[in-house]
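Engineer: Model the following, please.
(4 chains)
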Protein chains: 4
Amino acid sequence: MALPTPLHGVIPPVCTPLGPRGEVDTDSLTRLVGHLLDGGVHGLFALGSTSEVAYLTDDQRATALETVVKAAGGRVPVLAGAIDTTTPRVLDHARTAADLGADALVSTAPFYTRTHPREIADHFRRLRSTVGLPLFAYDIPMAVHTALPPSLVAELAADGTLAGLKDSSGDEGGLRRLLVRLGGRTGRRTGPAPGFSVLTGSELTVDAALLAGADGVVPGLGNVDPAGYVRLYDAALAGDWERAAAEQERLVALFAITDAGPESEMGRSSSALGSFKAALHLLGVLARGTTAFPQRPLSEESVREVGRRLTAAGLPPVR
Amino acid sequence: MALPTPLHGVIPPVCTPLGPRGEVDTDSLTRLVGHLLDGGVHGLFALGSTSEVAYLTDDQRATALETVVKAAGGRVPVLAGAIDTTTPRVLDHARTAADLGADALVSTAPFYTRTHPREIADHFRRLRSTVGLPLFAYDIPMAVHTALPPSLVAELAADGTLAGLKDSSGDEGGLRRLLVRLGGRTGRRTGPAPGFSVLTGSELTVDAALLAGADGVVPGLGNVDPAGYVRLYDAALAGDWERAAAEQERLVALFAITDAGPESEMGRSSSALGSFKAALHLLGVLARGTTAFPQRPLSEESVREVGRRLTAAGLPPVR
Amino acid sequence: MALPTPLHGVIPPVCTPLGPRGEVDTDSLTRLVGHLLDGGVHGLFALGSTSEVAYLTDDQRATALETVVKAAGGRVPVLAGAIDTTTPRVLDHARTAADLGADALVSTAPFYTRTHPREIADHFRRLRSTVGLPLFAYDIPMAVHTALPPSLVAELAADGTLAGLKDSSGDEGGLRRLLVRLGGRTGRRTGPAPGFSVLTGSELTVDAALLAGADGVVPGLGNVDPAGYVRLYDAALAGDWERAAAEQERLVALFAITDAGPESEMGRSSSALGSFKAALHLLGVLARGTTAFPQRPLSEESVREVGRRLTAAGLPPVR
Amino acid sequence: MALPTPLHGVIPPVCTPLGPRGEVDTDSLTRLVGHLLDGGVHGLFALGSTSEVAYLTDDQRATALETVVKAAGGRVPVLAGAIDTTTPRVLDHARTAADLGADALVSTAPFYTRTHPREIADHFRRLRSTVGLPLFAYDIPMAVHTALPPSLVAELAADGTLAGLKDSSGDEGGLRRLLVRLGGRTGRRTGPAPGFSVLTGSELTVDAALLAGADGVVPGLGNVDPAGYVRLYDAALAGDWERAAAEQERLVALFAITDAGPESEMGRSSSALGSFKAALHLLGVLARGTTAFPQRPLSEESVREVGRRLTAAGLPPVR
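Structural biologist: Below is the predicted model of the structure:
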């Protein structure tokens, strides 16, 4: 399906439920997509960082994407991450994603290598010219250890290489400067890249990003509470910033589930992804909360803590 | 004078004008304080990073603080940075600042050394117990290369060690989590540290910080356009978030003056501080735009660029 | 073939020559292996960072490894990099490498994700228990942004998970501490992990690493001058440290070829890898100096500079 | 006294003993200088990082330097750290050090600020032209978060600004490249900066640095075992690299005292500095092992561990 121009709204990075042997649990994934669509989301982002894309084999990636596309059934667009170290490897993923029915691609700067900004520009241009799908740049320096220079994003927006940006830079000041450069809150549609979509991946400051003119949000926590993020988005769209901020505060409190796993025992990602999946299990959406190897599982006590936070946020566990 | 509880509003980090031989230009500094008070600011922060505190000798620091206190004349509170590598050295600055009439102190975590969070807590507790002034923690990892853990700030807020936080972490998500922990936008006054003041140093996202419940802002760019930040603050206070955001956008555009110095020739700080001072010179507030050694001066072309940006922001140069 | 215990000597990370359309140039690669064996190397490391593994598709990786194994013809052991973001993806590469005849595997800590040391230990243990080949840990924080804690390496050495370490940490002090922990220069064979092999990837300090008790070296520059590194190793083995240091100095001077590409135009990796390949082209080993996309090619002037450095190091170009 | 050209040998960064109220314990400091001179050291470096310079007030710095100069009594040169954020503040310290009889100055790049390499060059040039003492650059990115580019050091060596480099970069490859650039092991005296002195601050790889052509070492651990470092230096000077390496191994094992303080309770600096002082107390040199506030003290168990390590290294405690 054609993407809205610009793409906007709540577009969660869909978790990838796993079975007891680490295989993709397609039943749970289908239920999860249903849970998200019921929550009113405007798109789905498969194979992003929150989907544990870095832990999925090529076969598992294909299964996950296929399942999401099928479950979405054309009701909302499906973006697919094409995440790998450099252009030639990303291209292999991108072609597969196109074949499996993705509506757009999302790619980071190269990683593992040290890549010059001009080489990063070449990377995106090659992806765009080779695969016939709209392309989003995924700025996630925490994972790839390179930040996309705003001037580079603006250049690739203006020349049509990029359909949008998924900003997980954590640099809200830089994001604001980019938005102003693109025309500002009210001037975006007449700016140098009128259909360009800016999506924030910073799930704790969505009200702020929307106030600043972002088009939407890709919230990992949106797997757990898609309706909450949709309410936040709707309040912002209606200009009711007090309501948006109140909803954001509830979600910030809920985000504390990501601290459930103690730092002395597991990586920060394991704790965050484990807590999302534990919550989805407790809410009856996933059959189990298993995360991919070598991430350590949450302890029973940590899962109970997740349950308490869900209840406090008005999302009582069903098991 | 006693600080408002919590301290709130626009509290610019006052630039330190310099004369031809690098000495503190007290006439220009007095004019600058007048410019800020005329703009309606609610407090003044002397000897912060924007004041080039790291470049000022002890004598210069004393002269600058003395001048600011005298020019403020008790109309607004004066916060003083006590910035040095560790507690014993900071204490020397803190005592001097108290003697010179500062109303509160601002101190970072230790730097140059690698300091444990428990040691950082001891640092702030010792400062508070030794010097009889309210104490603000200054979270500025870009300068000190240690971020203050939110749990540490919350602990020192709750036990009364800290009167507030000046957050220049650039981590807006972390700031949001802290604000929610303190009670959220509407619950702050009934939270665990009711009078605790959270001030953002992120001058590009002030509307967002205020929407999130911050009490005020310490904007370097507020030296140049104090009235603009006061308008932004007043709009936020009135709940007119659209107007706040529009004002913020104008200020974001103006902030481009900090790019005036080319990265190939000078440090990022030199360019930013040089542009603030060049602007204040062009606006007739400072006698000259000199920055402290070894910062390189802006070129004439860069100064012209600053002038063009001022004009575009509605602040036409007077020379 | 069975690995020597411990693996020792000069084991270059073999470059992957590319054809005009980016395909693996197997003729040139066969010639390169011949060049290395003629130089007297003791092993070959295929699919390492210097092989541009991060730029090679799965098919290209297979072609490159197959070609190296065939060209080596059992004369020296072939180590194969199994480089990917996390365990499940690394396992796919590891199984392929085993099928293609690799004699040992080399794997980094997970990257893209933030992984806890206990999870990193699980990662190596799973690799070792699943694939029946000796396993080397590849400590390369510059690429994966996690350093392997020495205590972790020592633990995995002692329990037999790891056959060795390829140390590209750049932390020579940490390496020295590890070597002393393993028993020191003379006590290694009676230490807690007698057959454990420590190979340095720091090609500029090989004499120092050997003096400290390292077993060998994996020098990127060894593609260009394998005989030089073998002479260095032999001098060290003979206890002639003055000769070893003199040879090292010649190689340090030659290493300046990696600066040939200007930083303003290309990434540091592109310049280094481009210079190795340009040198091999000038020496008549490779048909062309092409590097993988999106790395920028060296300019003609940069290639001439490489030629001058080769001549100065006693390796005059043949074209 | 005039410095040897180049300055060479073992030049420990002298610890600053403290009394019960945190004051400089001049008696213990005098004994420490005696301990170092008895060990055969070739110079003394006062007010360096290991002296806790970052924790000493200006008065304490003066007392410490005065005491070291007096105790040295002209038998070996005394270098003095002039450590502060930027040039104007460093100049104040430098003038005081000159007045107190220092024979040379040691200064880092500016810190707290973000300073351009050209500005760093100006910084060193201004220091050299203003204060009439030989100047050493102190490359310590761990503390100041800027590494000195080798090209900058080479430029300031060639033009006579710098008398030498104290390299605590931890980048042994970069150090090797610099040494080769200066002329290499045997060609140094005929190179572009014949009297330039390169001193490594990496106490775990001193044999390697001397093999590479460094002139000497500034070992923190040399406070505890000056004679050991002198033996290492003498062995290297005699070309007996096996003996040098064996001595280095003993010192590497002894260095494990720096791990005595648990990471969960204190900063890494606190543990290292605390262990040096605890060892000097156990050896009867210092009256107590007190470190400066806010560093946490070693526990009794940690001190016992230091004692065991001393005994194992052949330096049995006397109390």
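Engineer: Quick check: the gap between the residue nearest to A:Ala147 when sequence neighbours are not counted and chain B.
Structural biologist: Take A:Ala147 and drop its neighbours on the chain: the residue closest to it by C-beta to C-beta, 6 or more residues apart in numbering or on different chains is A:Pro141, 4.3 Å away. Placement of C-beta: from N, CA and C, glycine included. The gap separating A:Pro141 from chain B is 12 Å, by C-beta to the nearest C-beta, to the nearest Å.
Engineer: Ok, A:Val68 next?
Structural biologist: Using C-beta to the nearest C-beta, we find A:Val68 at a distance of 27 Å from chain B.
Engineer: and A:Lys166, what element?
Structural biologist: strand A:164-167 (DSSP states H and E).
Engineer: residue contacts, the closest residue to chain B within the stretch 1-150 of chain A?
Structural biologist: Nearest to chain B in the stretch 1-150 of chain A, going by C-beta to the nearest C-beta, is A:Pro150, at a distance of 10.7 Å. Shown in contact with A:Pro150 (C-beta atoms under 8 Å, 6 or more residues apart in numbering or on different chains): A:174, A:177-178, A:181.
Engineer: A:Arg95 now?
Structural biologist: For A:Arg95, the contacting residues are A:Val131, by C-beta under 8 Å, 6+ apart.
Engineer: and it, what are its phi and psi?
Structural biologist: The phi/psi pair for A:Arg95 (degrees, to the nearest 10) reads phi -60, psi -40.
Engineer: just the helices in chain A please.
Structural biologist: Counting by DSSP state H, chain A has helices at residues A:26-38, A:58-72, A:87-99, A:117-130, A:141-144, A:150-158, A:172-181, A:184-187, A:206-211, A:226-237, A:241-254, A:268-282, A:300-312.
Engineer: Nearest to B:Arg31, out of those helices?
Structural biologist: The minimum distance between B:Arg31 and those falls on helix A:172-181, with 29.2 Å, by C-beta to C-beta.
Engineer: From the contact counts, what lies against the closest one?
Structural biologist: helix A:150-158, strand A:197-200, helix A:206-211, helix B:241-254 (3 or more C-beta pairs under 8 Å, 6 or more residues apart in numbering or on different chains; DSSP states H and E).
Engineer: Redo those as JSON lines? Include distance to D:Ala104 and mean pLDDT.
Structural biologist: JSON lines is the format used below for the helices and strands packed on helix A:172-181 (distance: least, C-beta to C-beta, whole Å; pLDDT from 0 to 100):
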{"stretch": "helix A:150-158", "distance to D:Ala104": "45", "mean pLDDT": "95"}
{"stretch": "strand A:197-200", "distance to D:Ala104": "54", "mean pLDDT": "98"}
{"stretch": "helix A:206-211", "distance to D:Ala104": "53", "mean pLDDT": "98"}
{"stretch": "helix B:241-254", "distance to D:Ala104": "47", "mean pLDDT": "98"}
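Engineer: Output the ones you listed in CSV; the columns should cover distance to A:Val218.
Structural biologist: Formatted as CSV, those follow (distance: least, C-beta to C-beta, whole Å):
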stretch, distance to A:Val218
helix A:150-158, 16
strand A:197-200, 5
helix A:206-211, 10
helix B:241-254, 22
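Engineer: Tell me, how many residues neighbour the nearest residue to A:Thr130 once chain neighbours are set aside?
Structural biologist: Leaving aside its sequence neighbours, A:Thr130 sits nearest to A:Leu91 (C-beta to C-beta, 6+ apart; 5.9 Å). For A:Leu91, the neighbour count with other C-beta atoms under 10 Å in any protein chain shown is 20.
Engineer: before we move on, what about A:Ser264?
Structural biologist: Using other C-beta under 10 Å, A:Ser264 has 8 neighbouring residues.
Engineer: Same check on A:Asp58?
Structural biologist: Neighbour count for A:Asp58, taken as other C-beta under 10 Å: 14.
Engineer: mind listing what the closest residue to A:Arg176 other than its chain neighbours touches?
Structural biologist: Using C-beta to C-beta, 6+ apart and skipping residues adjacent in sequence, the residue nearest A:Arg176 is B:Leu204, 4.8 Å away. Neighbour list for B:Leu204: A:172-173, A:176-177, B:248, B:251-252, B:255 [criterion: C-beta under 8 Å, 6+ apart].
Engineer: now do 10 Å
Structural biologist: A:171-177, A:180, A:212, B:170, B:219, B:221, B:248-249, B:251-252, B:255 (C-beta atoms under 10 Å, 6 or more residues apart in numbering or on different chains).
Engineer: Then A:Leu156?
Structural biologist: Counted by C-beta under 10 Å, 6+ apart, A:Leu156 has contacts A:120-121, A:124-125, A:128, A:135, A:137, A:148, A:162, A:165, A:193, A:196.
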